[in-house]
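S.K.: coords please:
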Amino acid sequence: LFIRNTRTVQLTPAGKEFVFYAKRILSEINDVKNAMLAHINLNRGNIRVGAVPAMGYLGITPVIASFQKAYPGINMEICEENSINLVKKLAKAELDVAFTNPINLTDDEFDIYPLINDKMVLFLSIRHKLAERNIVPLSELSHEKFLIVTGLRDDFVRHCHQVGFEPNIISSSIQAPTIKELVEEGLGIAPFTTRIANALLNSNTKIVHFTPILKRSIALVIVKNKNTNVTKVFKDFVLKHFGSVQNLY
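M.R.: Sure thing, here's the model as predicted:
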C-alpha cells in the first residue's frame with residue numbers, strides 16, 4: 001500500500017484505491033449511525049404542522065393521521081391558517097413545516113416540495129343563470145356577487161384585476177362548507193379549487209370553468225437549513241404518500 005523512503009511515505013496505486021473504498025465505507029457507516037439515531041430520536045419529539053383550512057379536501061388529513069399512527073411518540077401541533085400567515089409563521093420559526101400555496105416563495109429561503117397542481121373553478125347553484133354553461137370568461141362576471149373561502153381571496157381578486165374588474169365579494173369564510181351552503185341558498189357564486197368543488201358537489205350545485213385559467217398549487221414547505229430528524233422523516237413520509245405531483249387541471 002505504501003512506498004517508503006527515508007523522508008516520505010507515498011501511496012501505491014493499490015493504496016490509493018484502498019483509500020477510495022475506505023472513505024466510502026466510513027461514510028456509509030456514518031450514514032447508518034445517523035439513520036439509526038434518527039429512529040431512536042423519533043420515539044419522542046415534536047413537530048408543528050401548518051396547513052390551509054381546506055386540508056381535509058386536499059388529502060392532507062389522512063397523511064397526518066397515518067404519520068401519527070406510525071410515530072405515536074411524536075407530539076404533533078396543527079395550525080390552520082391561510083397561505084400568507086403560514087409562510088410568516090414558518091419564517092418566524094413558529095412552524096416546522098406547512099402545506100401551503102407556494103406562490104411568491106423562493107427556493108433560496110425555503111425547501112419547496114410540490115404535491116398538488118390544481119385550478120380554480122366556479123361553484124354555483126343549479127338555479128343560477130350560468131349553470132347552463134360549462135365555461136365562461138372571467139371578464140363577464142363583473143356584475144356577479146361572490147362568496148369566497150378566505151384562503152383563496154387574494155389570488156382570485158388579483159386574477160379579477162388582471163381582466164379589468166373589482167369582484168363584489170359579499171361574504172367570506174374560512175370554512176368551505178359554509179360557503180357551499182350560501183351558494184345553495186342563491187346568495188352568490190364561489191371560486192373553489194377543483195378538488196374542493198368536486199368534494200362539495202351535489203344535485204343542487206354545478207361546477208363551471210372559467211378563463212383565463214387560475215392555477216393553484218399546494219406544496220410542503222420547510223425553511224432551509226432548519227430540518228430536524230423529525231422534520232426530515234415527516235417530509236419523507238409525506239412525499240412517499242403522495243408519490244408524485246397530482247395534476248388536477
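S.K.: mind checking the end-to-end distance for stretch 120-138?
M.R.: End-to-end span of stretch 120-138 (C-alpha to C-alpha, to the nearest Å): 11 Å.
S.K.: so where is this protein shaky, pLDDT-wise?
M.R.: For the chain, residues meeting the criterion pLDDT under 70 lie at 35-43, 249.
S.K.: switch the cut-off to 80
M.R.: The chain contains residues with pLDDT under 80 at 1, 6-7, 31, 33-44, 107, 226-227, 244-249.
S.K.: report the contact partners of the residue sitting nearest the centre point of it.
M.R.: With distances taken as C-alpha atoms, centre = their mean, residue 219 lies nearest the centre of the chain, 2.6 Å away. If a contact means C-beta atoms under 8 Å, 6 or more residues apart in numbering, then residue 219 has 99, 100, 101, 102, 112, 113, 114, 115 as its contacts. C-beta coordinates here come from the backbone N, C-alpha and C atoms, glycine included.
S.K.: how much space is there between the third one and residue 72?
M.R.: Applying C-beta to C-beta, to the nearest Å, one obtains 31 Å for the distance of residue 101 from residue 72.
S.K.: neighbour count: the two, which is higher?
M.R.: Between residue 101 and residue 72, counting by other C-beta atoms under 10 Å, residue 101 is the more crowded of the two (25 against 9).
S.K.: what segments of the chain are helices?
M.R.: Assigned by DSSP state H, the chain shows helices spanning 13-41, 60-70, 83-91, 153-162, 176-184, 194-200, 229-242.
S.K.: how much space separates the residue nearest to the centre of the chain from residue 57?
M.R.: 16 Å.
S.K.: so can I have TSV of the contacts of residue 219 showing distance to residue 143?
M.R.: Below are the contacts of residue 219 laid out as TSV (distance: C-beta to C-beta, whole Å):
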residue	distance to residue 143
99	35
100	33
101	28
102	33
112	38
113	41
114	36
115	36
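S.K.: how about the lengthiest strand in the chain: buried residues?
M.R.: If you go by DSSP state E, the chain has its longest strand at strand 110-125. Neighbour counts over strand 110-125 (16 or more other C-beta atoms under 10 Å) mark 110-116, 118-125 as buried.
S.K.: for stretch 233-249, same thing?
M.R.: Result for stretch 233-249 [16+ other C-beta under 10 Å]: buried residues 233, 234, 235, 238, 242, 246.
S.K.: what do you get for stretch 204-219?
M.R.: When burial is assessed from 16+ other C-beta under 10 Å, stretch 204-219 yields the following buried residues: 205, 206, 207, 208, 210, 214, 216, 217, 218, 219.
S.K.: among these, which pair sits farthest apart?
M.R.: Greatest spatial distance in the buried residues of stretch 204-219: 206 and 219, 29.7 Å, computed using C-beta to C-beta.
S.K.: hmm, back to that, mind putting the helices of the chain into CSV with distance to residue 141?
M.R.: As requested, these are exported to CSV (distance: least, C-beta to C-beta, whole Å):
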stretch, distance to residue 141
helix 13-41, 51
helix 60-70, 30
helix 83-91, 23
helix 153-162, 8
helix 176-184, 14
helix 194-200, 16
helix 229-242, 33
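S.K.: how about the ones you listed, which one is nearest residue 50?
M.R.: So among the helices of the chain, helix 83-91 is nearest, using C-beta to C-beta, at 4.3 Å.
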